[in-house]
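# My questions are about this predicted structure, shown below with the sequence.
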Amino acid sequence: MTESTAPQADHRTVLLRGGDIHSPADPFATAMVVERGHVAWVGSEGAADAFAKGVDETVDLEGALVTPAFTDAHVHMTSTGLALTGLDLSAARTAQEALRLVREHAAARPDDRVLLGHGWDPSARPDGPPLSRTALDEAAAGRPVYLPRVDVHSAVASTALLDLVPGVTSLSGYRADAPLTGAAHHAVRAAAHARITPGQRTEAQRAARAHAASLGIGSLHECAGPDISDEDDFTGLLRLAAQEQGPRVFGYWAERVADGRDARRIRELGAIGAAGDLFVDGSLGSHTACLHEPYADEAHTGAAHLDSAGIAAHVAACTEAGLQAGFHAIGDAALTAVVDGVRAAAEKLGRARIRAARHRVEHAEMLTPETVAAFAELGLTASVQPAFDAAWGGEHGMYAQRLGAGRAATLNPYAAMLRAGVPLAFGSDSPVTPLDPWGTVRAAAFHRTPEHRISVRAAFTAHTRGGWRSIGRDDAGVLVPGAPADYAVWRTDDLVVQAPDDRVARWSTDPRSGTPGLPDLTPGAELPVCLRTVVFGQTVFVRPNE
(Lines give C-alpha, C1' and ligand atoms only; values in the text may rest on other atoms or scores of the structure.)
Protein backbone atom coordinates (compact mmCIF):
# COMPACT_ATOMS: atom_id res chain seq x y z
CA MET A 1 0.00 0.00 0.00
CA THR A 2 1.36 3.41 -0.93
CA GLU A 3 1.81 6.22 1.56
CA SER A 4 -1.20 8.08 0.21
CA THR A 5 -3.51 5.20 1.14
CA ALA A 6 -2.08 4.20 4.54
CA PRO A 7 -3.28 6.45 7.40
CA GLN A 8 -1.48 6.22 10.72
CA ALA A 9 -2.92 3.44 12.85
CA ASP A 10 -4.36 4.17 16.30
CA HIS A 11 -2.23 2.15 18.72
CA ARG A 12 -4.91 2.03 21.43
CA THR A 13 -6.88 -1.12 22.12
CA VAL A 14 -10.63 -0.58 21.85
CA LEU A 15 -13.46 -2.91 22.86
CA LEU A 16 -16.83 -2.45 21.16
CA ARG A 17 -19.66 -4.33 22.87
CA GLY A 18 -23.42 -4.47 23.16
CA GLY A 19 -24.29 -4.39 19.46
CA ASP A 20 -24.40 -6.56 16.35
CA ILE A 21 -21.08 -7.19 14.60
CA HIS A 22 -21.42 -8.19 10.94
CA SER A 23 -18.65 -10.78 10.73
CA PRO A 24 -18.36 -14.12 8.94
CA ALA A 25 -15.99 -15.18 11.73
CA ASP A 26 -18.97 -15.29 14.12
CA PRO A 27 -22.50 -14.68 12.79
CA PHE A 28 -23.71 -14.14 16.39
CA ALA A 29 -20.96 -11.69 17.39
CA THR A 30 -21.94 -8.80 19.63
CA ALA A 31 -18.45 -7.51 20.47
CA MET A 32 -15.16 -6.71 18.73
CA VAL A 33 -11.65 -5.76 19.82
CA VAL A 34 -9.52 -3.41 17.71
CA GLU A 35 -5.78 -3.22 18.30
CA ARG A 36 -3.08 -1.30 16.37
CA GLY A 37 -5.43 -0.51 13.52
CA HIS A 38 -6.60 -4.08 12.97
CA VAL A 39 -9.41 -6.31 14.12
CA ALA A 40 -8.00 -8.45 16.93
CA TRP A 41 -11.07 -10.44 17.96
CA VAL A 42 -14.82 -10.80 17.35
CA GLY A 43 -17.15 -12.78 19.55
CA SER A 44 -19.98 -12.86 22.07
CA GLU A 45 -20.81 -10.41 24.83
CA GLY A 46 -19.93 -12.88 27.56
CA ALA A 47 -16.47 -13.59 26.16
CA ALA A 48 -15.81 -9.84 25.88
CA ASP A 49 -15.47 -9.62 29.67
CA ALA A 50 -12.05 -11.25 29.35
CA PHE A 51 -10.81 -8.20 27.40
CA ALA A 52 -12.45 -5.49 29.47
CA LYS A 53 -9.53 -4.80 31.82
CA GLY A 54 -6.84 -4.75 29.14
CA VAL A 55 -8.30 -2.17 26.76
CA ASP A 56 -7.76 1.56 26.54
CA GLU A 57 -11.38 2.33 25.66
CA THR A 58 -14.72 0.55 25.82
CA VAL A 59 -17.50 1.62 23.47
CA ASP A 60 -21.07 0.72 24.39
CA LEU A 61 -22.79 0.20 21.04
CA GLU A 62 -26.26 0.38 22.61
CA GLY A 63 -27.60 -2.11 20.09
CA ALA A 64 -26.04 -0.50 17.00
CA LEU A 65 -24.85 -2.48 13.99
CA VAL A 66 -21.14 -2.60 13.10
CA THR A 67 -20.17 -3.47 9.53
CA PRO A 68 -17.07 -3.16 7.38
CA ALA A 69 -16.77 0.36 6.00
CA PHE A 70 -17.97 0.71 2.44
CA THR A 71 -15.63 1.12 -0.53
CA ASP A 72 -16.80 3.34 -3.38
CA ALA A 73 -14.95 1.93 -6.38
CA HIS A 74 -15.47 4.87 -8.77
CA VAL A 75 -15.49 8.52 -7.72
CA HIS A 76 -14.26 11.91 -8.90
CA MET A 77 -13.36 13.61 -5.63
CA THR A 78 -12.79 17.21 -6.66
CA SER A 79 -15.90 17.27 -8.81
CA THR A 80 -17.84 15.69 -5.95
CA GLY A 81 -16.65 18.37 -3.56
CA LEU A 82 -17.42 21.13 -6.02
CA ALA A 83 -20.89 19.67 -6.44
CA LEU A 84 -21.40 19.69 -2.67
CA THR A 85 -20.39 23.34 -2.41
CA GLY A 86 -21.42 24.60 -5.86
CA LEU A 87 -24.31 24.86 -8.27
CA ASP A 88 -26.68 21.88 -8.11
CA LEU A 89 -29.07 21.68 -11.07
CA SER A 90 -30.50 18.24 -10.25
CA ALA A 91 -33.77 19.72 -8.95
CA ALA A 92 -34.31 21.98 -11.99
CA ARG A 93 -37.37 20.77 -13.87
CA THR A 94 -36.97 23.06 -16.89
CA ALA A 95 -34.27 25.01 -18.69
CA GLN A 96 -35.74 28.20 -17.24
CA GLU A 97 -35.36 26.86 -13.70
CA ALA A 98 -31.75 25.92 -14.46
CA LEU A 99 -31.05 29.41 -15.77
CA ARG A 100 -32.58 30.95 -12.66
CA LEU A 101 -30.25 28.87 -10.49
CA VAL A 102 -27.28 29.93 -12.63
CA ARG A 103 -28.27 33.58 -12.21
CA GLU A 104 -28.56 33.22 -8.42
CA HIS A 105 -25.29 31.32 -8.13
CA ALA A 106 -23.42 33.91 -10.20
CA ALA A 107 -24.71 36.68 -7.94
CA ALA A 108 -23.73 34.77 -4.80
CA ARG A 109 -20.15 34.04 -5.95
CA PRO A 110 -18.85 37.17 -7.66
CA ASP A 111 -15.18 36.28 -7.16
CA ASP A 112 -15.18 32.80 -8.71
CA ARG A 113 -13.10 32.65 -11.89
CA VAL A 114 -15.46 30.04 -13.34
CA LEU A 115 -18.98 28.93 -12.44
CA LEU A 116 -19.33 25.16 -12.23
CA GLY A 117 -22.59 23.28 -12.16
CA HIS A 118 -23.61 19.64 -11.97
CA GLY A 119 -26.66 17.40 -12.17
CA TRP A 120 -28.35 18.79 -15.31
CA ASP A 121 -30.37 15.93 -16.78
CA PRO A 122 -32.36 16.94 -19.88
CA SER A 123 -33.62 13.37 -20.33
CA ALA A 124 -35.77 13.85 -17.22
CA ARG A 125 -37.64 16.64 -19.04
CA PRO A 126 -37.40 15.62 -22.74
CA ASP A 127 -40.29 17.79 -23.93
CA GLY A 128 -38.85 21.09 -22.76
CA PRO A 129 -36.56 23.45 -24.66
CA PRO A 130 -32.82 22.72 -24.47
CA LEU A 131 -30.44 24.70 -22.31
CA SER A 132 -28.82 26.98 -24.88
CA ARG A 133 -25.49 28.78 -24.84
CA THR A 134 -27.15 32.09 -25.70
CA ALA A 135 -29.46 31.91 -22.68
CA LEU A 136 -26.58 30.79 -20.46
CA ASP A 137 -24.49 33.81 -21.49
CA GLU A 138 -27.31 36.12 -20.45
CA ALA A 139 -27.95 34.34 -17.12
CA ALA A 140 -24.27 34.42 -16.16
CA ALA A 141 -23.74 38.03 -17.29
CA GLY A 142 -20.95 37.03 -19.63
CA ARG A 143 -18.90 34.98 -17.14
CA PRO A 144 -17.25 31.58 -17.86
CA VAL A 145 -19.72 28.78 -17.05
CA TYR A 146 -19.38 25.00 -17.38
CA LEU A 147 -22.57 22.94 -16.99
CA PRO A 148 -22.00 19.25 -17.72
CA ARG A 149 -24.83 16.87 -18.35
CA VAL A 150 -25.40 14.57 -15.38
CA ASP A 151 -23.28 11.81 -17.00
CA VAL A 152 -20.39 14.30 -17.57
CA HIS A 153 -19.98 13.22 -21.20
CA SER A 154 -21.40 16.41 -22.68
CA ALA A 155 -21.81 19.97 -21.46
CA VAL A 156 -23.19 23.40 -22.16
CA ALA A 157 -20.50 26.07 -21.92
CA SER A 158 -20.78 29.81 -22.00
CA THR A 159 -19.16 31.88 -24.73
CA ALA A 160 -16.71 33.34 -22.20
CA LEU A 161 -15.46 29.83 -21.43
CA LEU A 162 -15.23 28.85 -25.09
CA ASP A 163 -13.11 31.96 -25.68
CA LEU A 164 -10.49 30.41 -23.36
CA VAL A 165 -10.02 27.43 -25.72
CA PRO A 166 -8.33 28.49 -28.98
CA GLY A 167 -9.51 26.43 -31.93
CA VAL A 168 -12.41 24.84 -30.06
CA THR A 169 -14.73 25.31 -33.04
CA SER A 170 -12.57 22.97 -35.12
CA LEU A 171 -12.60 20.12 -32.58
CA SER A 172 -14.84 17.08 -32.95
CA GLY A 173 -18.00 17.35 -30.90
CA TYR A 174 -18.34 21.13 -31.24
CA ARG A 175 -21.77 22.50 -32.10
CA ALA A 176 -22.58 26.18 -32.28
CA ASP A 177 -25.46 26.31 -29.79
CA ALA A 178 -25.82 22.80 -28.47
CA PRO A 179 -24.06 20.64 -25.88
CA LEU A 180 -20.41 19.85 -26.57
CA THR A 181 -19.20 16.26 -26.82
CA GLY A 182 -15.95 14.48 -27.65
CA ALA A 183 -12.71 16.43 -27.99
CA ALA A 184 -14.46 19.80 -27.75
CA HIS A 185 -15.98 18.82 -24.42
CA HIS A 186 -12.66 17.54 -23.03
CA ALA A 187 -10.89 20.77 -24.02
CA VAL A 188 -13.55 23.00 -22.48
CA ARG A 189 -13.68 20.92 -19.30
CA ALA A 190 -9.90 21.25 -18.96
CA ALA A 191 -10.15 25.02 -19.40
CA ALA A 192 -12.86 25.24 -16.75
CA HIS A 193 -10.92 23.16 -14.24
CA ALA A 194 -7.77 25.16 -14.92
CA ARG A 195 -9.53 28.23 -13.52
CA ILE A 196 -10.23 26.54 -10.20
CA THR A 197 -7.81 27.95 -7.62
CA PRO A 198 -5.68 25.59 -5.49
CA GLY A 199 -7.62 26.73 -2.45
CA GLN A 200 -10.97 25.90 -4.07
CA ARG A 201 -9.66 22.50 -5.09
CA THR A 202 -8.42 21.61 -1.62
CA GLU A 203 -11.66 22.83 -0.06
CA ALA A 204 -13.63 20.64 -2.46
CA GLN A 205 -11.49 17.56 -1.78
CA ARG A 206 -11.86 17.99 1.97
CA ALA A 207 -15.61 18.39 1.61
CA ALA A 208 -15.86 15.22 -0.49
CA ARG A 209 -13.84 13.10 1.95
CA ALA A 210 -15.79 14.42 4.93
CA HIS A 211 -19.09 13.67 3.21
CA ALA A 212 -17.94 10.15 2.32
CA ALA A 213 -16.91 9.52 5.91
CA SER A 214 -20.35 10.65 7.14
CA LEU A 215 -21.88 7.88 5.00
CA GLY A 216 -19.74 5.06 6.36
CA ILE A 217 -17.37 5.01 3.39
CA GLY A 218 -13.83 4.10 4.39
CA SER A 219 -12.16 3.81 0.97
CA LEU A 220 -12.53 5.63 -2.34
CA HIS A 221 -11.18 4.84 -5.79
CA GLU A 222 -10.35 8.12 -7.51
CA CYS A 223 -10.73 7.73 -11.27
CA ALA A 224 -8.63 10.54 -12.74
CA GLY A 225 -6.79 11.15 -15.98
CA PRO A 226 -5.74 13.77 -18.50
CA ASP A 227 -9.20 13.90 -20.11
CA ILE A 228 -10.92 14.33 -16.73
CA SER A 229 -8.78 16.46 -14.43
CA ASP A 230 -5.07 17.20 -14.29
CA GLU A 231 -1.96 15.89 -12.56
CA ASP A 232 -1.91 18.61 -9.90
CA ASP A 233 -5.48 17.77 -8.93
CA PHE A 234 -4.64 14.06 -8.71
CA THR A 235 -1.39 14.35 -6.79
CA GLY A 236 -2.89 17.01 -4.51
CA LEU A 237 -5.73 14.67 -3.56
CA LEU A 238 -3.37 11.80 -2.80
CA ARG A 239 -1.18 14.13 -0.73
CA LEU A 240 -4.20 15.39 1.21
CA ALA A 241 -5.35 11.83 1.91
CA ALA A 242 -1.89 10.94 3.24
CA GLN A 243 -1.70 13.97 5.51
CA GLU A 244 -5.23 14.27 6.91
CA GLN A 245 -7.57 11.80 8.56
CA GLY A 246 -10.43 10.55 6.47
CA PRO A 247 -11.30 7.78 4.05
CA ARG A 248 -8.44 6.13 2.19
CA VAL A 249 -7.96 7.20 -1.41
CA PHE A 250 -6.66 4.78 -4.05
CA GLY A 251 -5.84 6.58 -7.27
CA TYR A 252 -6.21 5.44 -10.88
CA TRP A 253 -4.73 7.48 -13.73
CA ALA A 254 -6.40 6.87 -17.12
CA GLU A 255 -3.53 7.15 -19.57
CA ARG A 256 -2.35 4.61 -22.12
CA VAL A 257 0.82 2.67 -21.35
CA ALA A 258 3.13 1.56 -24.16
CA ASP A 259 6.22 0.49 -22.22
CA GLY A 260 7.95 0.38 -18.85
CA ARG A 261 8.76 4.08 -18.94
CA ASP A 262 5.06 4.94 -19.18
CA ALA A 263 4.32 2.56 -16.32
CA ARG A 264 6.97 4.19 -14.12
CA ARG A 265 5.42 7.59 -14.75
CA ILE A 266 1.99 6.26 -13.71
CA ARG A 267 3.50 4.98 -10.47
CA GLU A 268 5.40 8.22 -9.86
CA LEU A 269 2.06 10.04 -9.89
CA GLY A 270 0.98 7.76 -7.03
CA ALA A 271 -1.51 5.75 -9.09
CA ILE A 272 -2.08 2.07 -8.47
CA GLY A 273 -3.17 1.46 -12.05
CA ALA A 274 -3.47 2.88 -15.56
CA ALA A 275 -7.20 2.38 -15.40
CA GLY A 276 -10.48 4.03 -14.48
CA ASP A 277 -11.89 6.35 -17.11
CA LEU A 278 -9.62 5.39 -19.99
CA PHE A 279 -12.36 5.92 -22.53
CA VAL A 280 -13.29 3.21 -25.01
CA ASP A 281 -16.58 5.07 -25.56
CA GLY A 282 -18.84 7.66 -23.94
CA SER A 283 -22.29 7.46 -22.34
CA LEU A 284 -25.81 6.46 -23.32
CA GLY A 285 -27.36 9.70 -22.14
CA SER A 286 -25.11 11.77 -24.39
CA HIS A 287 -25.49 9.33 -27.33
CA THR A 288 -21.73 8.68 -27.23
CA ALA A 289 -21.67 5.08 -25.94
CA CYS A 290 -20.53 2.83 -28.80
CA LEU A 291 -23.22 0.41 -29.97
CA HIS A 292 -23.47 -2.44 -32.45
CA GLU A 293 -26.85 -1.13 -33.65
CA PRO A 294 -28.04 2.49 -33.89
CA TYR A 295 -29.73 4.34 -31.07
CA ALA A 296 -33.51 4.23 -31.00
CA ASP A 297 -33.73 8.02 -30.93
CA GLU A 298 -30.76 8.97 -33.15
CA ALA A 299 -29.53 7.41 -36.38
CA HIS A 300 -25.97 6.57 -35.39
CA THR A 301 -24.04 4.14 -33.16
CA GLY A 302 -22.09 6.52 -30.90
CA ALA A 303 -18.35 7.09 -30.66
CA ALA A 304 -15.37 4.74 -30.35
CA HIS A 305 -12.18 6.09 -28.77
CA LEU A 306 -10.12 2.89 -28.59
CA ASP A 307 -10.14 -0.23 -30.77
CA SER A 308 -9.28 -3.77 -29.76
CA ALA A 309 -5.68 -3.42 -30.96
CA GLY A 310 -5.11 -0.37 -28.77
CA ILE A 311 -6.76 -2.13 -25.84
CA ALA A 312 -4.56 -5.21 -26.32
CA ALA A 313 -1.39 -3.11 -26.42
CA HIS A 314 -2.31 -1.25 -23.22
CA VAL A 315 -3.25 -4.42 -21.33
CA ALA A 316 -0.11 -6.24 -22.43
CA ALA A 317 2.18 -3.35 -21.48
CA CYS A 318 0.51 -2.93 -18.09
CA THR A 319 0.61 -6.66 -17.37
CA GLU A 320 4.31 -6.90 -18.20
CA ALA A 321 4.98 -3.90 -15.93
CA GLY A 322 2.95 -5.40 -13.05
CA LEU A 323 0.39 -2.60 -13.32
CA GLN A 324 -3.39 -2.86 -13.30
CA ALA A 325 -5.09 -1.80 -16.52
CA GLY A 326 -8.68 -0.82 -17.06
CA PHE A 327 -11.17 0.99 -19.25
CA HIS A 328 -14.41 2.93 -19.32
CA ALA A 329 -16.81 0.95 -21.54
CA ILE A 330 -20.60 1.16 -21.63
CA GLY A 331 -21.99 0.25 -25.07
CA ASP A 332 -22.11 -3.32 -26.37
CA ALA A 333 -19.65 -2.55 -29.19
CA ALA A 334 -17.23 -0.95 -26.73
CA LEU A 335 -17.43 -3.98 -24.43
CA THR A 336 -16.85 -6.32 -27.36
CA ALA A 337 -13.71 -4.33 -28.20
CA VAL A 338 -12.54 -4.64 -24.58
CA VAL A 339 -12.91 -8.41 -24.39
CA ASP A 340 -11.38 -8.87 -27.85
CA GLY A 341 -8.41 -6.72 -26.83
CA VAL A 342 -7.89 -8.37 -23.45
CA ARG A 343 -8.20 -11.81 -25.03
CA ALA A 344 -5.51 -10.85 -27.58
CA ALA A 345 -3.25 -9.80 -24.71
CA ALA A 346 -3.96 -13.13 -23.01
CA GLU A 347 -2.96 -15.00 -26.16
CA LYS A 348 0.35 -13.15 -26.09
CA LEU A 349 1.15 -13.35 -22.36
CA GLY A 350 -0.95 -16.25 -21.12
CA ARG A 351 -4.39 -16.17 -19.57
CA ALA A 352 -3.04 -16.84 -16.07
CA ARG A 353 -0.98 -13.62 -16.10
CA ILE A 354 -3.94 -11.60 -17.33
CA ARG A 355 -6.25 -13.02 -14.67
CA ALA A 356 -3.69 -12.44 -11.93
CA ALA A 357 -3.44 -8.75 -12.83
CA ARG A 358 -7.16 -8.21 -12.05
CA HIS A 359 -7.70 -5.68 -14.82
CA ARG A 360 -10.99 -3.82 -14.51
CA VAL A 361 -13.76 -2.30 -16.59
CA GLU A 362 -15.78 0.69 -15.42
CA HIS A 363 -19.58 0.73 -15.88
CA ALA A 364 -19.83 -2.35 -18.17
CA GLU A 365 -23.53 -1.71 -18.66
CA MET A 366 -24.47 -3.23 -22.01
CA LEU A 367 -23.07 -6.72 -21.55
CA THR A 368 -24.25 -9.71 -23.58
CA PRO A 369 -24.08 -13.36 -22.47
CA GLU A 370 -20.91 -13.68 -24.58
CA THR A 371 -19.15 -10.71 -23.00
CA VAL A 372 -20.24 -11.78 -19.50
CA ALA A 373 -18.59 -15.15 -20.13
CA ALA A 374 -15.47 -13.39 -21.43
CA PHE A 375 -15.24 -11.22 -18.29
CA ALA A 376 -15.29 -14.38 -16.18
CA GLU A 377 -12.76 -16.15 -18.42
CA LEU A 378 -10.31 -13.24 -18.32
CA GLY A 379 -10.76 -12.34 -14.65
CA LEU A 380 -12.00 -8.82 -15.44
CA THR A 381 -13.49 -6.95 -12.49
CA ALA A 382 -16.70 -5.10 -13.32
CA SER A 383 -16.68 -1.78 -11.48
CA VAL A 384 -20.37 -0.93 -11.73
CA GLN A 385 -22.90 1.63 -10.47
CA PRO A 386 -26.33 0.21 -9.52
CA ALA A 387 -27.67 3.74 -9.00
CA PHE A 388 -27.54 4.16 -12.78
CA ASP A 389 -30.34 1.64 -13.13
CA ALA A 390 -32.30 3.28 -10.31
CA ALA A 391 -32.00 6.65 -12.06
CA TRP A 392 -32.40 5.70 -15.73
CA GLY A 393 -33.68 2.13 -15.95
CA GLY A 394 -37.22 0.84 -16.31
CA GLU A 395 -39.67 0.76 -19.21
CA HIS A 396 -39.92 4.55 -19.49
CA GLY A 397 -36.48 5.65 -18.32
CA MET A 398 -33.65 7.25 -20.25
CA TYR A 399 -32.19 3.86 -21.22
CA ALA A 400 -35.46 2.91 -22.90
CA GLN A 401 -35.55 6.26 -24.69
CA ARG A 402 -32.05 5.73 -26.05
CA LEU A 403 -32.20 2.00 -26.83
CA GLY A 404 -35.83 0.93 -26.90
CA ALA A 405 -37.37 -1.12 -24.12
CA GLY A 406 -35.98 -4.45 -25.36
CA ARG A 407 -32.31 -3.50 -25.36
CA ALA A 408 -32.71 -1.38 -22.23
CA ALA A 409 -33.95 -4.42 -20.31
CA THR A 410 -30.61 -6.17 -20.89
CA LEU A 411 -28.52 -3.50 -19.13
CA ASN A 412 -26.59 -4.05 -15.91
CA PRO A 413 -27.18 -7.83 -15.63
CA TYR A 414 -25.75 -8.28 -12.12
CA ALA A 415 -27.31 -11.68 -11.44
CA ALA A 416 -25.87 -13.15 -14.65
CA MET A 417 -22.49 -11.67 -13.84
CA LEU A 418 -22.40 -13.26 -10.40
CA ARG A 419 -23.59 -16.61 -11.75
CA ALA A 420 -20.73 -16.55 -14.25
CA GLY A 421 -18.18 -15.68 -11.57
CA VAL A 422 -17.47 -12.08 -12.62
CA PRO A 423 -15.98 -10.09 -9.70
CA LEU A 424 -18.15 -7.07 -8.87
CA ALA A 425 -17.06 -3.82 -7.22
CA PHE A 426 -19.75 -1.22 -6.56
CA GLY A 427 -19.37 2.54 -6.79
CA SER A 428 -21.28 5.72 -7.51
CA ASP A 429 -19.32 7.59 -10.22
CA SER A 430 -20.01 10.58 -7.97
CA PRO A 431 -21.01 13.27 -8.78
CA VAL A 432 -22.85 11.51 -11.66
CA THR A 433 -24.92 9.78 -8.98
CA PRO A 434 -24.49 10.65 -5.29
CA LEU A 435 -22.37 8.88 -2.73
CA ASP A 436 -25.03 6.64 -1.16
CA PRO A 437 -23.77 3.16 -0.21
CA TRP A 438 -26.92 1.67 1.31
CA GLY A 439 -28.94 3.16 -1.54
CA THR A 440 -26.54 1.48 -3.95
CA VAL A 441 -27.02 -1.90 -2.25
CA ARG A 442 -30.78 -1.40 -2.41
CA ALA A 443 -30.61 -0.47 -6.12
CA ALA A 444 -28.82 -3.74 -6.93
CA ALA A 445 -31.17 -5.85 -4.82
CA PHE A 446 -34.24 -4.19 -6.34
CA HIS A 447 -33.01 -3.68 -9.89
CA ARG A 448 -35.74 -2.33 -12.17
CA THR A 449 -35.40 -5.50 -14.25
CA PRO A 450 -36.22 -8.32 -11.80
CA GLU A 451 -34.07 -10.96 -13.52
CA HIS A 452 -30.96 -8.85 -12.86
CA ARG A 453 -31.50 -8.56 -9.08
CA ILE A 454 -29.00 -9.98 -6.64
CA SER A 455 -29.24 -10.65 -2.92
CA VAL A 456 -28.67 -7.88 -0.40
CA ARG A 457 -25.77 -9.92 0.97
CA ALA A 458 -24.10 -10.19 -2.45
CA ALA A 459 -24.64 -6.49 -3.11
CA PHE A 460 -23.21 -5.57 0.30
CA THR A 461 -20.15 -7.72 -0.39
CA ALA A 462 -19.63 -6.01 -3.75
CA HIS A 463 -19.70 -2.62 -2.02
CA THR A 464 -17.31 -3.61 0.77
CA ARG A 465 -14.99 -6.52 0.06
CA GLY A 466 -15.42 -6.22 -3.72
CA GLY A 467 -13.70 -2.85 -3.82
CA TRP A 468 -10.72 -4.19 -1.89
CA ARG A 469 -10.45 -7.29 -4.06
CA SER A 470 -10.45 -5.11 -7.15
CA ILE A 471 -7.15 -3.55 -6.01
CA GLY A 472 -5.64 -6.93 -5.17
CA ARG A 473 -6.40 -7.00 -1.44
CA ASP A 474 -8.22 -10.14 -0.33
CA ASP A 475 -7.63 -9.54 3.37
CA ALA A 476 -9.77 -6.41 3.79
CA GLY A 477 -13.37 -5.26 3.63
CA VAL A 478 -14.49 -7.82 6.18
CA LEU A 479 -14.41 -7.85 10.01
CA VAL A 480 -12.28 -10.85 10.88
CA PRO A 481 -9.15 -11.07 13.04
CA GLY A 482 -6.16 -9.61 11.21
CA ALA A 483 -8.18 -7.42 8.82
CA PRO A 484 -7.71 -3.64 8.77
CA ALA A 485 -10.06 -1.97 11.25
CA ASP A 486 -12.11 -0.06 8.71
CA TYR A 487 -15.67 -0.15 9.99
CA ALA A 488 -18.85 1.86 10.41
CA VAL A 489 -21.41 1.94 13.23
CA TRP A 490 -25.05 2.23 12.20
CA ARG A 491 -28.40 3.03 13.77
CA THR A 492 -30.88 0.74 12.05
CA ASP A 493 -34.07 -1.20 12.52
CA ASP A 494 -34.17 -4.94 13.14
CA LEU A 495 -31.78 -7.00 11.07
CA VAL A 496 -32.94 -9.61 8.61
CA VAL A 497 -31.16 -12.65 7.25
CA GLN A 498 -31.74 -13.68 3.69
CA ALA A 499 -32.40 -17.36 3.23
CA PRO A 500 -29.85 -19.10 0.98
CA ASP A 501 -32.39 -19.87 -1.76
CA ASP A 502 -33.90 -16.37 -1.77
CA ARG A 503 -33.06 -13.48 -4.09
CA VAL A 504 -34.86 -10.56 -2.51
CA ALA A 505 -38.53 -11.13 -1.90
CA ARG A 506 -38.57 -13.59 1.03
CA TRP A 507 -36.72 -13.03 4.28
CA SER A 508 -35.76 -15.28 7.17
CA THR A 509 -34.83 -14.23 10.69
CA ASP A 510 -34.02 -17.77 11.76
CA PRO A 511 -30.72 -17.58 13.69
CA ARG A 512 -29.92 -21.15 12.68
CA SER A 513 -29.07 -19.87 9.22
CA GLY A 514 -25.64 -18.90 10.58
CA THR A 515 -25.55 -15.86 8.30
CA PRO A 516 -24.80 -12.37 9.67
CA GLY A 517 -27.83 -10.12 9.42
CA LEU A 518 -28.14 -6.92 7.41
CA PRO A 519 -30.71 -4.10 7.50
CA ASP A 520 -34.04 -4.43 5.73
CA LEU A 521 -33.57 -2.51 2.47
CA THR A 522 -36.94 -3.13 0.88
CA PRO A 523 -38.21 0.00 -0.91
CA GLY A 524 -39.77 2.34 1.61
CA ALA A 525 -37.74 1.04 4.55
CA GLU A 526 -35.60 3.64 6.30
CA LEU A 527 -31.92 3.32 5.39
CA PRO A 528 -29.36 2.97 8.20
CA VAL A 529 -27.85 6.14 9.65
CA CYS A 530 -24.08 6.27 10.12
CA LEU A 531 -23.08 7.05 13.71
CA ARG A 532 -19.33 6.58 13.41
CA THR A 533 -16.76 5.73 10.74
CA VAL A 534 -13.33 4.33 11.58
CA VAL A 535 -10.41 3.91 9.17
CA PHE A 536 -7.41 1.84 10.26
CA GLY A 537 -8.47 2.26 13.88
CA GLN A 538 -8.80 6.05 13.58
CA THR A 539 -12.23 7.63 14.03
CA VAL A 540 -12.82 9.86 10.99
CA PHE A 541 -16.48 10.69 11.59
CA VAL A 542 -18.81 10.88 14.59
CA ARG A 543 -22.40 12.00 14.14
CA PRO A 544 -23.05 15.04 16.33
CA ASN A 545 -25.23 14.51 19.41
CA GLU A 546 -25.00 10.75 19.11
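Done, it's in.

# For the strand or helix carrying residue 418, enumerate the helices and strands it packs against.
Residue 418 is part of helix 414-420 when elements are defined by DSSP states H and E. On a contact count with 3 or more CB pairs under 8 Å, 6 or more residues apart in numbering; DSSP states H and E, helix 414-420 meets helix 369-378, strand 424-426. Every C-beta, even on glycine, is put in place using the N, C-alpha and C of the backbone.

# Check the gap between residue 197 and residue 91 for me.
27 Å (CB to CB, to the nearest Å).

# which of the two has more neighbours?
residue 197 (12 against 9; other CB atoms under 10 Å).

# State the mean pLDDT of the helix holding residue 418.
For helix 414-420, mean pLDDT is 98.

# Next, the buried residues of that helix.
414, 415, 416, 417, 418, 420 (16 or more other CB atoms under 10 Å).

# How about stretch 390-404?
Buried, per 16+ other CB under 10 Å, within stretch 390-404: 390, 391, 392, 393, 394, 397, 398, 399, 400, 401, 402, 403.

# Quick check: closest non-adjacent residue to the second one.
I take that to be residue 391. residue 433 (6.1 Å; CB to CB, 6 or more residues apart in numbering).

# Tell me which of the helices and strands packed on helix 414-420 sits most buried.
Highest mean neighbour count among the helices and strands packed on helix 414-420 (mean count of other CB atoms under 10 Å): strand 424-426, with a mean of 27.

# partner strands of that strand, parallel or antiparallel?
Counting by DSSP bridges, the strands paired with strand 424-426 are strand 381-384 (parallel).

# before we move on, the earlier item: could you dump the buried residues of stretch 390-404 into JSON lines with pLDDT added?
Shown next, in JSON lines, are the buried residues of stretch 390-404 (pLDDT from 0 to 100):
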{"residue": "390", "pLDDT": "97"}
{"residue": "391", "pLDDT": "95"}
{"residue": "392", "pLDDT": "96"}
{"residue": "393", "pLDDT": "97"}
{"residue": "394", "pLDDT": "95"}
{"residue": "397", "pLDDT": "95"}
{"residue": "398", "pLDDT": "95"}
{"residue": "399", "pLDDT": "97"}
{"residue": "400", "pLDDT": "97"}
{"residue": "401", "pLDDT": "96"}
{"residue": "402", "pLDDT": "97"}
{"residue": "403", "pLDDT": "98"}
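
# what's the host helix or strand of residue 238 packed up against?
Assessed by DSSP H and E, residue 238 sits inside helix 231-243. Applying 3+ CB pairs under 8 Å, 6+ apart, one finds that helix 231-243 contacts helix 77-85, helix 198-214, strand 217-224, strand 248-253.

# Correct me if wrong: residue 324 contacts residue 359.
Yes - counting by CB atoms under 8 Å, residue 324 touches residue 359, with 6.1 Å between them.

# out of these two, which sits in the busier spot?
More neighbours surround residue 359 than the other of residue 324 and residue 359, with 27 against 24 (other CB under 10 Å).

# on that earlier part again, the helices and strands packed on helix 231-243: which one's closest to residue 28?
strand 217-224 (24.2 Å; CB to CB).

# still on that earlier bit, which one of the helices and strands packed on helix 231-243 lies closest to residue 280?
strand 217-224 (14.0 Å).
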